[in-house]
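J.: my questions concern the predicted model and sequence given below.
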Amino acid sequence: MLLSKRFQPFLDAAPICVMARGVAENILNPARIDALFERTAERQYTRDWPFSLLVDLMSQVVLDIQPSVHAAHRAMAKQLGVSDQAVYDKLQHVELKVSAELVRDSARQAQAVIEHLHTTAPPLLVGFRAKILDGNHLAATEHRIDELRTTWAAPLPGQLLVVLDQELMLATDVVPCEDGHAQERSLLDEVLAKVAARDVWIADRNFCTRNFLLGIAKRLGFFLIRQHGNLRGTLVGKRKLRGRCDTGMAYEQKLKLTDADGQAWVIRRITVRLEQPTRDGDQELHLLSNIPPEKADAVQLAEAYRKRWTIEGMFLEMTETLSCEIETLGYPKAALFAFCLALLAYNAVSVIKASLRSVHGLEKIDEELSGYYLALEIEQVYPGMMVAIPPKHWTWWAKLSPREMAEVLKGLAKKVDLAKYKKSPRGPKKKAAKRKAYKNGSHLSTAKVLAGRGVT
């Protein structure tokens, strides 16, 4: 690793910041981003300034390097050469396909580096690739759009379904939707198109529909999904005790489902009788799966399902360390674009964590490293570092192969003092106090409001 002398102060005091900029330079290579836009965009075009500049600007807002889009524009005004209104106009028309492809492309690049670092997590179920699926409704925005200024209702700019690869700890895919009122289940057909053989899809009961479960099976995939009360089938045989898991006793029984063509499918129904009820007061969890018993027993499936909360941890980390939901971005396409850039940033951080695991060990990083303090140092040091080391000195990162990136990051990881980023253990969680109902607490879908004036 050959870095000039001007890097030395930051290599000594804040190597994490050097790693963060290097990974961003590699993943957000302007030539690669512009090529991605050209092959993906259908309606939007670039005339006066490239799409990569918009990504650069919004990345600074998402990473909290700049406090707002307006502030980021002022910092990049000479480079952009366009008005702030031109930036906002461009943001509100970023196509969902482009936003989603940014996430997928970052995951492909990150995966190549992580595999060279040899720091993937052990599989939840041996022989299967676990894909954890969950949805995220974007938080309500400010009432800046004309049609929103006359209502107290909270405007919802959209939602997304996100796929997390458990072994790589990367957001590998996303299904964005502009309608904040849309059912998450209405997006499942797009998820089905992404199912591959040997994938095991892990999700909560909101995604438990007959078409989704059997659609996965027909594509030679596998599922481990909590049963929804509305999904009815025919129980076959008696329920049998299979053993104890961490949260209770695991039982198993067969369940027969019939598809739209009348074909019968017999799947497994794992019941966990809980020692402690859930927040909703449920005493039992019913999990549905088509994984053969010889590949994973009932206890293994019950334990694997508990790891579904990994994706909740991803959303929490993004909320605490990134500006993934920008309340001033009312237009759905702009808000979804920002969240997708936050997912891209999460993938970049996953590469940094993987390099730290390769040097300091998987357990130490996963259990002790605080994403908050990691992000805080980047936020505090990054602007000054970019003044001391202008962008032209970073361009060589974009030319590194995945193997070369892994080697450079591993060298930098050896310089990191983990004590600076250690988690602060919290005390026992207190029971939350009941809140009073808010009379004006209704919501509305921004996309439906905009449809009234023909905005797409």
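T.: Cool, got the structure.
J.: so what's the residue count around the nearest residue to residue 326 once chain neighbours are set aside?
T.: Among residues not flanking residue 326 along the chain, residue 338 sits closest, at 5.1 Å (Cβ to Cβ, 6 or more residues apart in numbering). To be clear about C-beta, it is placed using only N, CA and C from the backbone, and glycine gets the same treatment. Neighbour count of residue 338, defined by other Cβ atoms under 10 Å: 25.
J.: got the residue ranges for the helices in the stretch 301-450 of the chain?
T.: For the stretch 301-450 of the chain, the helices defined by DSSP state H, counting those that start in this stretch occupy 309-321, 332-360, 362-368, 371-388, 402-413, 446-451.
J.: thinking again about what came up before, do I have it right that the residue nearest to residue 326 meets residue 322?
T.: No: between residue 338 and residue 322 there is no contact under Cβ atoms under 8 Å: 9.6 Å.
J.: and for the two, which residues touch both?
T.: residue 62 (Cβ atoms under 8 Å, 6 or more residues apart in numbering).
J.: that older thread, now the helices of the stretch 301-450 of the chain in a markdown table, with mean pLDDT and distance to residue 269?
T.: Formatted as a markdown table, those follow (pLDDT from 0 to 100; distance: least, Cβ to Cβ, whole Å):
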| stretch | mean pLDDT | distance to residue 269 |
| --- | --- | --- |
| helix 309-321 | 78 | 21 |
| helix 332-360 | 93 | 33 |
| helix 362-368 | 86 | 32 |
| helix 371-388 | 88 | 37 |
| helix 402-413 | 94 | 42 |
| helix 446-451 | 84 | 38 |
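J.: give me whichever of those helices is most buried.
T.: helix 332-360 (a mean of 26; mean count of other Cβ atoms under 10 Å).
J.: what's the distance between residue 192 and residue 199?
T.: 11 Å (Cβ to Cβ, to the nearest Å).
J.: which SSE is residue 171 in?
T.: strand 170-177 (DSSP states H and E).
J.: how far does that strand sit from the chain's center?
T.: 7 Å (Cα atoms, centre = their mean, to the nearest Å).
J.: now for it, which elements pack on it?
T.: helix 96-117, strand 159-165, helix 332-360 (3 or more Cβ pairs under 8 Å, 6 or more residues apart in numbering; DSSP states H and E).
J.: and residue 165, what is it in contact with?
T.: 107, 111, 129, 130, 131, 171, 172.
J.: before we move on, what about residue 215?
T.: With the criterion set at Cβ under 8 Å, 6+ apart, residue 215 makes contact with 188, 192, 195.
J.: assign a three-state SS to the closest residue to the second one other than its chain neighbours, would you?
T.: The reference is to residue 192. The shortest distance from residue 192 to any non-neighbouring residue, by Cβ to Cβ, 6+ apart, is to residue 215 (4.5 Å). What DSSP: H, G, I helix; E, B strand; the rest coil gives for residue 215 is helix.
J.: again with the one 5 residues further on
T.: Using three-state DSSP as the criterion, the local structure at residue 220 reads coil.
J.: could you count how many residues lie near it?
T.: Residue 220 has 11 nearby residues by other Cβ under 10 Å.
J.: distance of the closest residue to it other than its chain neighbours from residue 265?
T.: Using Cβ to Cβ, 6+ apart and skipping residues adjacent in sequence, the residue nearest residue 220 is residue 197, 4.0 Å away. In this view, residue 197 and residue 265 are 17 Å apart by Cβ to Cβ.
J.: higher neighbour count, those two?
T.: Shown here are residue 197 and residue 265; by other Cβ under 10 Å, residue 265 has more neighbours (16 against 9).
J.: walk me through the domains of the protein.
T.: 1-180+308-423+435-456, 205-299 (automatic domain parsing).
J.: among these, which is the most enclosed?
T.: domain 1-180+308-423+435-456 (a mean of 18).
J.: show me what contacts residue 366?
T.: residue 357.
J.: ok, it to residue 356 distance?
T.: Residue 366 sits 10 Å away from residue 356, going by Cβ to Cβ.
J.: kindly report the same for residue 210.
T.: 43 Å.
J.: which helices and strands sit right next to the helix or strand where residue 201 lies?
T.: Residue 201 belongs to strand 199-203 when assigned by DSSP H and E. Judged by 3+ Cβ pairs under 8 Å, 6+ apart, the packing partners of strand 199-203 are strand 129-137, strand 222-226.
J.: partner strands of the next helix or strand after the shortest one and their direction?
T.: Following the chain from strand 222-226 toward its C-terminal end, the next helix or strand by DSSP H and E is strand 234-245. For strand 234-245, the paired strands and their directions (DSSP bridges) are strand 248-258 (antiparallel).
J.: the stretch 1-150 of the chain: helices as residue ranges?
T.: Taking DSSP H, counting those that start in this stretch as the criterion, the stretch 1-150 of the chain carries its helices at 8-13, 15-27, 30-40, 51-62, 69-75, 77-80, 84-91, 96-117.
J.: so what's residue 422 bridging to?
T.: residue 369.
J.: between the helices of the stretch 301-450 of the chain, which one is closest to residue 160.
T.: With Cβ to Cβ as the measure, helix 332-360 is the member of the helices of the stretch 301-450 of the chain nearest residue 160 (6.3 Å).
J.: just to revisit the earlier point, what's the following helix or strand past the strand holding residue 171 packed up against?
T.: Next helix or strand after strand 170-177 toward the C-terminus (DSSP H and E): helix 188-192. On a contact count with 3+ Cβ pairs under 8 Å, 6+ apart, helix 188-192 meets strand 159-165, helix 210-218.
J.: can I get these in CSV with mean pLDDT?
T.: Formatted as CSV, these follow (pLDDT from 0 to 100):
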stretch, mean pLDDT
strand 159-165, 94
helix 210-218, 95
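J.: got CSV for the ones you listed, with distance to residue 344 too?
T.: What follows is those, written out as CSV (distance: least, Cβ to Cβ, whole Å):
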stretch, distance to residue 344
strand 159-165, 12
helix 210-218, 27
